[in-house]
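**Q** Show me how the following folds:
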Amino acid sequence: MDNANTGTVRHYIETRFPFFEPALKDKIEEVALLKHIPAGELIMRQGQYIKYTVLVAEGVVKLYREGDDGEEAFIYHLNPGQACALSIICAAKQETSQVLGKALEDTVAIMIPVSVIDELMKNYKSWYYFVLENYRDRFDELLTLLDHVMFKGMDERLEFYLSNQFSQAGKKDITITHQQIANDLNTSREVVSRLLKKMETDKKVRLNRNAIEWLK
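**A** Below is the predicted model of the structure:
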């Protein structure tokens, strides 16, 4: 991963975070690094101390937990214009990360050193409100996820999951394997394949090789 120059950092700040006050934009440009993260690369690991708060400029980052046997529990996705609330919390409290973060596609991230987080919270109102908004959004997503895990059947969970995937991608087809979906939903590939086939029969999706087309 190569660092980019501060002019490029400024471009992404202006493009993805235009609501930041001018002085905050200047400060982030001064202290931040820009990282180009290849698809599939981890940017956060469980048990790792957080050195940077991550703002997503391009791409998609998946946050999840990993069990002792390697099974995955999906938490949420980060899209352009969003920040990792969990990394902010861990950075502020100087605690290790309890989750993993993986780039699902080639991603550009603005990396803000944890050493300046307190300063940003105290001195820049737009950063303070941005952090609060991210906490609220992530909490709402976790509540929705919990509702589906506790109170919905796997068919409803799968349809909700796919609806979110297509909404975040902003298009009617996505490249994803049945195993990836099974990992995110903490179920088996066979269950996902069976339910997807039923959705195809109901004309909700069209299944292609390692891709799904949304027909709704």
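**Q** can you give me the strands for this structure?
**A** 33-37, 42-44, 52-58, 61-66, 72-78, 100-103, 107-113, 173-175, 205-208, 211-214 (DSSP state E).
**Q** helices and strands around the second one, which ones?
**A** Translated: strand 42-44. Using 3 or more CB pairs under 8 Å, 6 or more residues apart in numbering; DSSP states H and E, the elements in contact with strand 42-44 are strand 100-103. Using the backbone N, CA and C atoms, a C-beta is placed for each residue, glycine as well.
**Q** got the contact list for the strand it packs on?
**A** 37-46, 54, 59-66, 78, 84, 87 (CB atoms under 8 Å, 6 or more residues apart in numbering).
**Q** Take those and, keeping just the buried ones, write it as a ChimeraX select command.
**A** Selecting the buried subset of these in ChimeraX, with 16 or more other CB atoms under 10 Å as the burial test, is done by:
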select :37,43,44,54,59,60,61,62,63,64,78,84,87
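**Q** According to the record, where do the domains of this protein fall?
**A** Domains of the chain are assigned by automatic domain parsing as 6-149, 153-214.
**Q** Would you mind giving these as TSV with mean pLDDT added?
**A** Output for the domains of the chain, formatted as TSV (pLDDT from 0 to 100):
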stretch	mean pLDDT
domain 6-149	88
domain 153-214	90
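**Q** quick one: which of the strands of the chain is nearest Met150?
**A** Among the strands of the chain, strand 72-78 comes nearest to Met150, with 13.8 Å by CB to CB.
**Q** Tell me which residues of the closest one come out buried.
**A** The neighbour-count check on strand 72-78 (16+ other CB under 10 Å) flags Glu72, Phe74, Ile75, Tyr76, His77, Leu78 as buried.
**Q** what lines up beside it in the sheet?
**A** Paired with strand 72-78 in the same sheet, following DSSP bridges, are strand 61-66 (antiparallel).
**Q** What's the local residue count around Asn134?
**A** 18 (other CB atoms under 10 Å).
**Q** wait, it sits on Ala85?
**A** Yes - if you go by CB atoms under 8 Å, Asn134 and Ala85 touch, sitting 4.6 Å apart.
**Q** still on that earlier bit, among the buried residues of strand 72-78, which one lies nearest to Phe19?
**A** If you rank the buried residues of strand 72-78 by distance to Phe19 using CB to CB, Leu78 comes first, at 17.5 Å.
**Q** quick one, what contacts that closest one?
**A** So Leu78 contacts Val54, Val56, Val60, Val61, Lys62, Leu63, Cys84, Gly101 (CB under 8 Å, 6+ apart).
**Q** How about it, nearest residue that isn't a chain neighbour?
**A** Val61 (4.2 Å; CB to CB, 6 or more residues apart in numbering).
**Q** Could you check how far His11 is from Leu34?
**A** According to CB to CB, to the nearest Å, His11 and Leu34 sit 9 Å apart.
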